[in-house]
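# Have a look at this prediction, sequence included:
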Amino acid sequence: MALKTPNFITPSLQSNLLSKPKPRFVAIQSTTAPSSTPINLTPNWSPTSWKSKKAVQIPVYPNKDELDSVLKELERFPPLVFAGEARNLEARLAEAAMGKAFLLQGGDCAESFKEFTANNIRDTFRVLLQMGIVLAFGAGKHIIKVGRMAGQFAKPRSDPFETKNGVTLPSYQGDNINHEAFDEKSRTPDPQRLLRAYAQSASTLNLLRSFATGGYAAMQRVTQWNLDFVEHSEQGDRYMELAQRVDETLGFMAACGLTPEHPIMTTTEFYTSHECLHLPYEQALTREDSTSGLYYDCSAHMVWVGERTRQLDGAHVEFLRGISNPLGIKVSDKMDPKELVKLCEILNPHNKAGRLTIITRMGAANMPVKLPHLIRAVRQAGLIATWSELRAFFDVHEKEGSHPGGVHLEMTGQNVTECVGGSKAVTLDDLSSRYHTHCDPRLNASQSLELAFAISERLRGTRIRSSSAFLNGRQGRGSVA
C-alpha cells in the first residue's frame, strides 16, 4: 500500500527514558548492492518448502482439520497488500541504504483484538506522521513511514508453556493464536483467530489508506498537530523555534506553487510490517505476482525474522528466502558477525538494493562494543548498509563512516504510561496508572514525538557538518586551481 507527504531535535529524552521498563529502540540497516535488476524465481523453493525444515515458535493446534480448513479459506481471500506496493517500499529502502532517505518504523509491540478501534489506529498513524515531519526537517531527506500495524499479532516466547500456582498451560502467543487469560480454553490455540486477525488487518489497512490519501495527512494539518504538542511541552521554546521554521518553509513552498491543495501536500506514503512468525498464516497469504512471476507474502509490505527464528537452516529463513518482499533481520548483541553475513547471503543472494533491513536491538551499553564488528563484517562482505537507533548508535556509525538509516520503535498514539522519562516526566510510580500493553512497554504519543525531535536534531547536525565539509572542500580545490 503506497499510502505521500513531503517530509521536519532537541535531545530531550534523556537516559531515564531508556531505564527499565523500556521500549525497544532498534537499529536499522538495509543491505544493498548497486544492481537492481530483476531476479529469477528462487531455485528449490516453494511456498511450502519451509515445512521440510525445523520450525520453532509455531503453535500446536489440537484440531488439525480445523486449522487446514481455515488456512484453505485464507488462501481464497484477497491479498491484504500488493506486489507493486512492496516493490515501491523496496526502492525507498534502497535510498535509505545510500543515506538518501531515513526509515521510521513503529507501532504496537503486539496488536490486540480488544483495543481494535478507529481512534487507536488514527492516533498511532497521526503520531507517525508527526514524527515524520520532525525527522524530515532535521534530516533533509525523505522519511519512509512503516507501521507495525495491520498484522503484528503473534509474539515469540522463550518458553512454550507457563506455570502459575502449580497449573501449566500454553504460553500466550498473541491474539491471532490464543487469549491472554490464564485458563485452559483461553490458552488453547484456536484457528478461528486467524480469520479474525485477517479481518482486523484488512479493516486497519482500509482506514490507513483513507487517512493517507483522503486529506487527513495534509501537511498543514500535521504541522498544526505539532504546534499543539509544542504549546504543552516543557521545552516549548526550542520546539516552537523548529515549528516556526517548518511553517516558514511551507510558506515558501506555497509561494513556489505548492499550495495546500497540491497532491504532494495532501497525501503520504505509508507501509505496513510485522514479524513473520506464524508460517502457516504467512504461507496462506503468499501469492504469485502476475506481472513478475515472483512470490510475495501479501500479509504486509515488509516482514522480518526475529532473534528466536533466524536459524540459518530453520523454517522461517527458508520461507523468507523465497518471497520478494523487503525483509528485516532482528539482530542482538548475541549475533556473530560471520553468521550475520551468511544470513544476508541466504536471504539476499543477488545482493539487491533495498532487499534487507537489519534491525539491531542491543542496548546503549553493548552498542559501542558489538555494533562496529557487525558493521565491518557487512561492509567487508561487499554489502552497503543503513542503520539506526539512538545516541550510542549514531556515535558508532559516525566513527565507522556508515549511514544511520532509520529507527524502529515500539510506540502507540494512546496516552499510556509504560516507559519512564520524557518532558512530561512519567516516573516509576506512574507506570501502573495506564500500563495497558499485554506485551512489551511502548512509548506514548508525547514521548514518541519528543524522541523524534531528539533524533532530528542529531540528523540536522550531521547534515550541516557534511555540507560545510563539502563546501570547504570545493573552496580548497578552487584556490589550488
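Perfect, I can see it now.
# Show me the helices in the stretch 1-150 of the chain, by range?
64-76, 83-97, 118-139 (DSSP state H, counting those that start in this stretch).
# Could the C-alpha coordinates of stretch 249-266 be exported in CSV?
Written as CSV, here are the backbone C-alpha positions of stretch 249-266 (Å, rounded to 0.1, in the frame of the first residue of the first chain):
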residue,chain,number,x,y,z
THR,A,249,9.3,26.5,4.7
LEU,A,250,5.6,25.7,4.0
GLY,A,251,5.0,29.4,3.2
PHE,A,252,8.0,29.4,0.8
MET,A,253,6.7,26.2,-0.9
ALA,A,254,3.3,27.8,-1.3
ALA,A,255,4.9,30.8,-2.9
CYS,A,256,6.6,28.4,-5.4
GLY,A,257,3.3,26.9,-6.4
LEU,A,258,3.0,24.0,-3.9
THR,A,259,-0.3,25.2,-2.5
PRO,A,260,-2.1,23.3,0.3
GLU,A,261,-4.3,21.8,-2.3
HIS,A,262,-1.5,20.2,-4.3
PRO,A,263,-1.5,16.4,-4.1
ILE,A,264,2.1,16.3,-2.7
MET,A,265,0.8,18.4,0.2
THR,A,266,-2.3,16.3,1.0
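# Determine which of the helices of the stretch 1-150 of the chain approaches P170 most closely.
helix 64-76 (14.9 Å; Cβ to Cβ). Just so you know, the C-beta spots here come from the backbone N, C-alpha and C atoms, and that holds for glycine as well.
# what does that closest one contact?
With contacts defined as Cβ atoms under 8 Å, 6 or more residues apart in numbering, helix 64-76 is touched by Y61, P191, Q192, L194, L195, Y198, P280, Y281, Q283, A284, L285.
# Kindly recompute the last result at 6 Å.
With Cβ atoms under 6 Å, 6 or more residues apart in numbering as the test, helix 64-76 has contacts from Y61, P191, L194, P280, A284.
# And for stretch 42-58?
With Cβ under 6 Å, 6+ apart, stretch 42-58 has contacts from P156, L277, L279, Q283, T286, T309, G314, A315, E318, F319, G322.
# Buried residues of it, list them for me.
T42, P47, S49, W50, A55, Q57, I58 (16 or more other Cβ atoms under 10 Å).
# Same check on stretch 74-92?
Here stretch 74-92 shows 74, 79-83, 85-90, 92 as buried, counting by 16+ other Cβ under 10 Å.
# Next: stretch 455-468.
Applying 16+ other Cβ under 10 Å to stretch 455-468 flags I455, S456, E457, R458, L459, R460, T462 as buried.
# So which of the helices of the stretch 1-150 of the chain is nearest R245?
helix 118-139 (7.0 Å).
# what packs against the closest one?
Counting contacts by 3 or more Cβ pairs under 6 Å, 6 or more residues apart in numbering; DSSP states H and E, helix 118-139 is packed against strand 101-107, strand 142-148, helix 192-213, helix 219-231, helix 445-480.
# Out of the contacts of helix 64-76, the closest to F113 would be?
Once Cβ to Cβ is applied, the member of the contacts of helix 64-76 that ends up nearest F113 is L194, at 12.1 Å.
# Do you know the pLDDT at the closest one?
At L194, the model reports a pLDDT of 98.
# Give the full set of residues in contact with it.
L194 neighbours (Cβ under 6 Å, 6+ apart): V70, N176, Y281.
# what's the answer for L104, then?
Taking Cβ under 6 Å, 6+ apart, one finds M131, G132, I143, K145 in contact with L104.
# for the last one, what are its contacts?
The contact partners of K145, taken as Cβ under 6 Å, 6+ apart, are L104, L128, G132, F270.
# Mark which of those residues are buried, thanks.
Judged by 16+ other Cβ under 10 Å, buried ones among the contacts of K145: L104, L128, G132, F270.
# would TSV of the helices of the stretch 1-150 of the chain with mean pLDDT and distance to A150 be doable?
Compiled in TSV, these are given as follows (pLDDT from 0 to 100; distance: least, Cβ to Cβ, whole Å):
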stretch	mean pLDDT	distance to A150
helix 64-76	98	15
helix 83-97	95	12
helix 118-139	90	9
